[in-house]
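*Asks:* sequence unavailable; structure follows:
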């Protein structure tokens, strides 16, 4: 029996799959969560160092619709449609956030990057419109909703 590679530091699902790393995938759980909540919203709380970042990255890859990345896993044999959705990924793990202004700047940066990638315009500098304009612009262009993933948001501001 060939032993697979083991990674304890990589939090990218694609890297684990491409590098033939051992991974206890949770695609059945992800599919069940998405079906139960009908892709509206879900809060997942898990202890520190318990795979939240990898789980969210797996969900992000699923929303990108690349079925071949999931070949051989439970979800590949399921009725999951692998529909492509634009994803806003707010990972606060590596951002230096020490105030609410830092948090707003981080969110604004992610939204501006997403708007450029999706070729939608954002005309408002108002924080309450920052999320609405890109989401609506992407929906009107592509006809699919934006998936929003938030990681490492245990901030005490």
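*Replies:* Right, received. Where do you want to start? Fair warning: this is a prediction, and the values are worked out from it, not measured in the lab. Numbers count the residues shown, from 1 in each chain.

*Asks:* show me what the helix or strand of the chain with the lowest mean pLDDT is packed against.
*Replies:* Among the helical and strand segments of the chain, the one scoring lowest on mean pLDDT, DSSP states H and E is helix 127-130, with a mean of 74. Using 3 or more CB pairs under 8 Å, 6 or more residues apart in numbering; DSSP states H and E as the contact test, the elements touching helix 127-130 are helix 100-118. Every C-beta, even on glycine, is put in place using the N, C-alpha and C of the backbone.

*Asks:* may I see the buried residues of the helix it packs on?
*Replies:* Neighbour counts over helix 100-118 (16 or more other CB atoms under 10 Å) mark 103, 106-107, 110-111, 114-115, 118 as buried.

*Asks:* what about stretch 85-92, distance to the chain center?
*Replies:* 5 Å (CA atoms, centre = their mean, to the nearest Å).

*Asks:* so for that stretch, mean pLDDT?
*Replies:* Taken as a whole, stretch 85-92 has a mean pLDDT of 81.

*Asks:* ditto for stretch 27-34
*Replies:* 81.

*Asks:* mind checking which helix or strand the residue nearest to the spatial centre of the chain is in?
*Replies:* A centroid search over the chain (CA atoms, centre = their mean) returns residue 60, at 3.6 Å, as the residue closest to the centre. According to DSSP states H and E, residue 60 maps onto helix 52-64.

*Asks:* by contact count, what packs against that helix?
*Replies:* Against helix 52-64 (3+ CB pairs under 8 Å, 6+ apart) you get helix 13-18, helix 27-36, strand 87-91, strand 147-151.

*Asks:* let's have those in JSON lines, adding distance to residue 135 and mean neighbour count.
*Replies:* As requested, these are exported to JSON lines (distance: least, CB to CB, whole Å; neighbours: other CB atoms under 10 Å):
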{"stretch": "helix 13-18", "distance to residue 135": "24", "mean neighbour count": "17"}
{"stretch": "helix 27-36", "distance to residue 135": "19", "mean neighbour count": "14"}
{"stretch": "strand 87-91", "distance to residue 135": "8", "mean neighbour count": "18"}
{"stretch": "strand 147-151", "distance to residue 135": "8", "mean neighbour count": "16"}
